[in-house]
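Colleague: what's the 3D shape of this:
(4 chains)
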There are 2 protein chains.
Amino acid sequence: MQTTRDRLVEVSSDLFRRQGYVASGLKQIAAEADAQIGSLYHFFPGGKSELGAEAIRRSGAMYGMLIPAVFDPAPDVAAAVRDFFAGAAEHLVETNYADACPIATVALEVSSTSDGLRRACAEVFESWIAAGTERFVAAGLPEGIARQLAIGMLTALEGAFVLARAARDTEALRIAGELTASTVERTLAEHLEHEQSSR
Amino acid sequence: MQTTRDRLVEVSSDLFRRQGYVASGLKQIAAEADAQIGSLYHFFPGGKSELGAEAIRRSGAMYGMLIPAVFDPAPDVAAAVRDFFAGAAEHLVETNYADACPIATVALEVSSTSDGLRRACAEVFESWIAAGTERFVAAGLPEGIARQLAIGMLTALEGAFVLARAARDTEALRIAGELTASTVERTLAEHLEHEQSSR
DNA sequence: GTCTATATCTCGATAGAC
DNA sequence: GTCTATCGAGATATAGAC
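Modeller: Next up is the predicted model:
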């Protein structure tokens, strides 16, 4: 059974993804979580920023689980990248262009106004980069190159989310996904070449 | 001389870029523009959303001017892409990681809550894509490929802005810029190859 | 732990004098 | 066109009964 505390964090995460941090009021959060304002401050004495930080970390952990979920069953990393963008596009359409990245809106809103929340977002992004790097290393790439690809994939995805939500169109996601997958394929091929020539 | 109306739009643009649409109150906007609330509603009877739409379009026009400003003097398009990301990183550091994309924060905030503002953002993104497409066409690429590269460049830039502001680090911008420039170089080379083989 | 009531502030928006 | 005063709603946060 889900506790009141869990529901508050989950509802916050959902609202932040759809409308951002500032527009999500504590009364709205409490109401949608079937909780009272008093309970909210009982669990989060630090108020909105404390609840916000925890919602960001929870979103990060949940969304980060998609990385192994998509990469592990895929035949190769380039196919996994294609699956990742295709899945993101599908989910975006299914949710009427509401559910893209759970923390990007918050990250942009608070980066210059709340250092605590900014750091929480930065830690989540870094955890995603680390998870992506692992998969590219497992595919045979050296650590540095793998990290570059992970960052390239995440930046392409985040940027495509911005354009796709604004245009209510998945074009940007499709193109960014294909460009990223091609870059991964080319990088793998180049690396294998170097491996062979150095033997 | 700048009119009260101009100052209101300019201040709105600046505040939106740093802290987003929702967090920027009309009183703060009026105060920083040395104007009164009454004047604001005199020029923008539609209130915040009318002022917001105009601020988005103004930001879009201003930032869009960077595309010819960076691409026209560059020796080639790949170098222009590198210059663009390097310039963005430099400006971000100079402004203490505040001034990245002028409309991305607003786009994510309002995409699911205000159709008018969402459309204004979508139109700006489309105008940037069109301007970028022109430059890649001028470099010798067919329209479709040129548009893909323009979208790829913009998504990479937008995503890198999100990560860079959150991390207070330009790593994502540097990597996204290099990956994008490489993709542009590879695409140009491939196209020239096809051109030759079809002669 | 839960709930209600409320304090204080700021929001967007309006009215009307000048 | 400019300015002040103010409205009603909603914001975050707190106090205290149960």
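
Colleague: wait, isn't residue A:126 in contact with residue B:166?
Modeller: No - applying Cβ atoms under 8 Å as the test, residue A:126 and residue B:166 come out as separate, 9.1 Å apart. No exception for glycine: its C-beta is placed from N, CA and C like everyone else's.

Colleague: neighbour-wise, which of those two wins?
Modeller: residue B:166 (27 against 15; other Cβ atoms under 10 Å in any protein chain shown).

Colleague: which of the helices or strands spans that one?
Modeller: helix B:143-167 (DSSP states H and E).

Colleague: what about the helix or strand just after that helix and chain A, any contact?
Modeller: Using DSSP H and E, the helix or strand that directly follows helix B:143-167 along the chain is helix B:171-197. Yes - for helix B:171-197 and chain A, the contact criterion (Cβ under 8 Å from any Cβ of the partner chain) is met by B:171-172, B:175-176, B:178-179, B:182-183, B:186.

Colleague: tell me where chain A has helices.
Modeller: For chain A, helices defined by DSSP state H occupy the ranges A:4-19, A:26-32, A:37-43, A:48-64, A:66-71, A:77-94, A:104-110, A:115-138, A:143-167, A:171-197.

Colleague: worst mean pLDDT among those helices?
Modeller: Here the helices of chain A differ in mean pLDDT, and the lowest is helix A:171-197 at a mean of 92.

Colleague: packing partners for that one?
Modeller: helix A:77-94, helix A:143-167, helix B:143-167, helix B:171-197 (3 or more Cβ pairs under 8 Å, 6 or more residues apart in numbering or on different chains; DSSP states H and E).

Colleague: buried set for the helix holding residue B:166?
Modeller: If you call a residue buried by 16 or more other Cβ atoms under 10 Å in any protein chain shown, then helix B:143-167 has these buried ones: B:145-167.

Colleague: the residue lying closest to residue A:50 once chain neighbours are set aside and DNA strand C: what is the separation?
Modeller: Spatial nearest neighbour of residue A:50, excluding adjacent residues (Cβ to Cβ, 6 or more residues apart in numbering or on different chains): residue A:44 at 4.4 Å. The gap separating residue A:44 from DNA strand C is 11 Å, by Cβ to the nearest atom of the strand, to the nearest Å.

Colleague: quick one: residue A:44 and residue A:53 touch, right?
Modeller: No - using Cβ under 8 Å, residue A:44 is not in contact with residue A:53; the gap is 9.3 Å.

Colleague: what's the most buried one of the helices of chain A?
Modeller: Of all the helices of chain A, helix A:104-110 has the most neighbours on average by mean count of other Cβ atoms under 10 Å in any protein chain shown, namely a mean of 29.

Colleague: for it, packing partners?
Modeller: helix A:4-19, helix A:115-138, helix A:143-167, helix B:104-110, helix B:143-167.

Colleague: quick check: residues of chain A near DNA strand D?
Modeller: A:24-28, A:37-38, A:41, A:45, A:47-49 (Cβ under 7 Å from any atom of the strand).

Colleague: how about these, which pair is most distant?
Modeller: A:28 and A:45 (20.1 Å; Cβ to Cβ).

Colleague: tell me which residue of chain A lies closest to DNA strand C.
Modeller: Nearest to DNA strand C in chain A, going by Cβ to the nearest atom of the strand, is residue A:38, at a distance of 1.9 Å.

Colleague: how far away is that residue from residue A:31?
Modeller: Separation of residue A:38 from residue A:31 (Cβ to Cβ, to the nearest Å): 13 Å.

Colleague: and what of residue A:144?
Modeller: Taken as Cβ to Cβ, the span from residue A:144 to residue A:31 is 48 Å.

Colleague: again, but for residue A:110
Modeller: Distance, residue A:110 to residue A:31, using Cβ to Cβ: 23 Å.

Colleague: swap in residue A:11?
Modeller: 9 Å.

Colleague: next, format the helices and strands packed on helix A:171-197 as JSON lines and append distance to DNA strand C.
Modeller: Formatted as JSON lines, those follow (distance: least, Cβ to the nearest atom of the strand, whole Å):
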{"stretch": "helix A:77-94", "distance to DNA strand C": "28"}
{"stretch": "helix A:143-167", "distance to DNA strand C": "21"}
{"stretch": "helix B:143-167", "distance to DNA strand C": "22"}
{"stretch": "helix B:171-197", "distance to DNA strand C": "31"}
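
Colleague: out of the ones you listed, flag the one nearest residue B:76.
Modeller: helix B:171-197 (8.2 Å).

Colleague: spit out the contact partners of residue A:5.
Modeller: Contacts for residue A:5 (Cβ atoms under 8 Å, 6 or more residues apart in numbering or on different chains) come out as residue A:43.

Colleague: pretty sure residue A:162 is touching residue B:105, no?
Modeller: No - using Cβ under 8 Å, residue A:162 is not in contact with residue B:105; the gap is 9.3 Å.

Colleague: contacts for stretch A:131-145 next, please.
Modeller: With Cβ under 8 Å, 6+ apart, stretch A:131-145 has contacts from A:64, A:67-68, A:71, A:76-77, A:80, A:146-147, A:149-151, A:153-154, A:184, A:187-188, A:191-192.
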